[in-house]
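[1] Provide a 3D model corresponding to the input given below.
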Amino acid sequence: MIKQQKHPVETFIGRMTGHWLVGNLLLAISYFLTASIGLSLATVPGYATVVWPASGIALGWILLFGWRLLAGVVLGSFIVNVMNAANHAHIGLLEVGRTVPLLIAMGAALQAWVGSQLIRRYVPNLSAFEAPRTVIRTLVLGGFIATLISATWGVSTLYFFGIVNGDLWLKNWLTWWLGDSIGIWVFTPLMLVWGLPDAFYDRTRAFIVMIVSCGAFVLASLSFLLATALEKSERAGNFEVSGQRVVSQMQQRFGEYDEFSVMVRRFFDSSELVTRNEFQRFVSEWLQQHPEVQ
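    Numbering: from 1, shown residues only. Presented below is the predicted three-dimensional model:
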């Protein structure tokens with residue numbers, strides 16, 4: 001007789017993960033760790049990032065274990081944003097204002113809750129997370145629609161508190177929305193396949209999804225880092241060219257000043273008496289070409 005294997009949600013670890021206290025702590029830790037990875041890919045000022053794994057972890061966790069664990073999202077997001085603000089401002093953790101991190105954390109939790117509610121309402125058979133229609137609906141509702149919440153709320157909060165300029169609002173919003181969306185597209189399926197009911201759970205399939213998801217995340221991260229490195233290299237090259245041009249212009253100017261000083265000395269040496277009018281006539285043309293000297 002073949003012994004039926006238990007899937008993770010039915011194991012002791014799975015039950016503890018769904019416990020309101022332990023589950024919230026574990027979710028907060030998981031959110032913090034994955035968010036820290038995402039922040040390494042963040043744009044200035046360090047809030048919007050091209051890949052945000054924590055959004056996918058949060059949505060998957062809430063779908064599996066319910067809204068009682070939303071506190072873990074708030075706690076994890078709050079801590080990571082306080083530390084991020086302290087690092088960018090070069091101040092202590094106790095000196096960081098709590099309002100902005102708390103508001104961003106509330107937006108992250110609201111996104112996870114709304115995403116889970118949309119999926120539960122419009123994806124009737126989420127337990128069989130293998131039909132293309134089920135997968136597409138889940139990723140569209142969670143990764144396209146629900147992510148509008150945190151991106152809009154978060155960037156608007158940063159703008160209201162003067163952290164993001166108005167001309168950078170749309171750029172940061174797009175980066176934030178895309179980062180949350182990619183995080184959900186990659187990591188929410190990973191969470192769900194490991195938490196499928198026993199009738200649908202398959203360990204081999206779970207490992208395949210895990211490898212594909214992690215590979216997609218690594219590929220997206222490396223692509224972003226490569227693009228960033230190329231952009232920095234191009235900026236450094238442009239800066240070097242501009243610097244050389246400025247130095248060349250300055251050297252040319254100083255050479256002209258030196259030649260003018262020699263001309264003035266010779267002019268005075270050639271005459272016993274130089275009147276004011278004679279000197280003005282002598283230097284007038286040169287001064288017109290060099291107005292900065294006047």
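[2] could you use CA atoms for every contact and neighbour count after this?
    Fine.
[3] residue boundaries of the helices in the stretch 51-200 of the chain?
    Using DSSP state H, counting those that start in this stretch, the helices of the stretch 51-200 of the chain run over 53-65, 70-89, 99-122, 132-140, 147-160, 169-194.
[4] buried deepest among those, which one?
    Comparing the helices of the stretch 51-200 of the chain by mean neighbour count (mean count of other CA atoms under 10 Å), helix 53-65 ranks first with a mean of 26.
[5] reformat the helices of the stretch 51-200 of the chain as TSV; add mean pLDDT and distance to Ser36.
    As requested, the helices of the stretch 51-200 of the chain are arranged in TSV below (pLDDT from 0 to 100; distance: least, CA to CA, whole Å):
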stretch	mean pLDDT	distance to Ser36
helix 53-65	93	9
helix 70-89	92	7
helix 99-122	95	14
helix 132-140	86	23
helix 147-160	95	17
helix 169-194	88	13
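[6] how about the ones you listed in TSV, adding distance to Ala216?
    As requested, the helices of the stretch 51-200 of the chain are exported to TSV (distance: least, CA to CA, whole Å):
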stretch	distance to Ala216
helix 53-65	11
helix 70-89	23
helix 99-122	22
helix 132-140	15
helix 147-160	19
helix 169-194	7
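[7] closest one to Glu259 among these?
    In terms of CA to CA, the element of the helices of the stretch 51-200 of the chain nearest to Glu259 is helix 70-89, at 49.9 Å.
[8] helices or strands next to the closest one in the packing?
    helix 20-39, helix 99-122 (3 or more CA pairs under 8 Å, 6 or more residues apart in numbering; DSSP states H and E).
[9] make TSV out of those and add distance to Ile62.
    Listed next are these as TSV, based on distance: least, CA to CA, whole Å:
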stretch	distance to Ile62
helix 20-39	10
helix 99-122	7
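[10] report the contact partners of Gly60.
    Contact partners of Gly60, counting by CA atoms under 8 Å, 6 or more residues apart in numbering, are 187-189, 191-192.
[11] coming back round to it: which stretch among the helices and strands packed on helix 70-89 comes nearest Trp67?
    helix 99-122 (6.7 Å).
[12] now do the closest one: which elements does it pack against?
    Short answer (3+ CA pairs under 8 Å, 6+ apart): helix 99-122 packs on helix 53-65, helix 70-89, helix 132-140, helix 147-160.
[13] quick one, it and helix 132-140 angle?
    160 degrees (axes from the mean of the first three to the mean of the last three CA atoms, to 10 degrees).
[14] who touches helix 99-122?
    55, 58-59, 62-63, 67, 70-71, 73-79, 81-82, 126, 137-138, 141-142, 145-147, 149-150, 153-154, 157-158, 161.
[15] before we move on, back to that, between the helices of the stretch 51-200 of the chain, which one is closest to Met250.
    helix 70-89 (36.3 Å).
[16] touching the closest one from outside, list them.
    With contact meaning CA under 8 Å, 6+ apart, helix 70-89 is reached by 23-32, 35-36, 45-47, 58, 62, 92-93, 95-98, 101-102, 104-106, 108-109, 112-113.
[17] repeat that with 7 Å
    Here helix 70-89 makes contact (CA atoms under 7 Å, 6 or more residues apart in numbering) with 24-25, 27-29, 31-32, 36, 58, 92-93, 96, 101-102, 105-106, 108-109.
[18] between the helices of the stretch 51-200 of the chain, which one is closest to Val264.
    Among the helices of the stretch 51-200 of the chain, helix 70-89 sits nearest to Val264 (CA to CA), with 54.4 Å.
[19] what angle separates the closest one from helix 99-122?
    140 degrees.
[20] now do helix 70-89 against helix 20-39, angle only.
    Using the same axes, to 10 degrees: helix 70-89 against helix 20-39 is 30 degrees.
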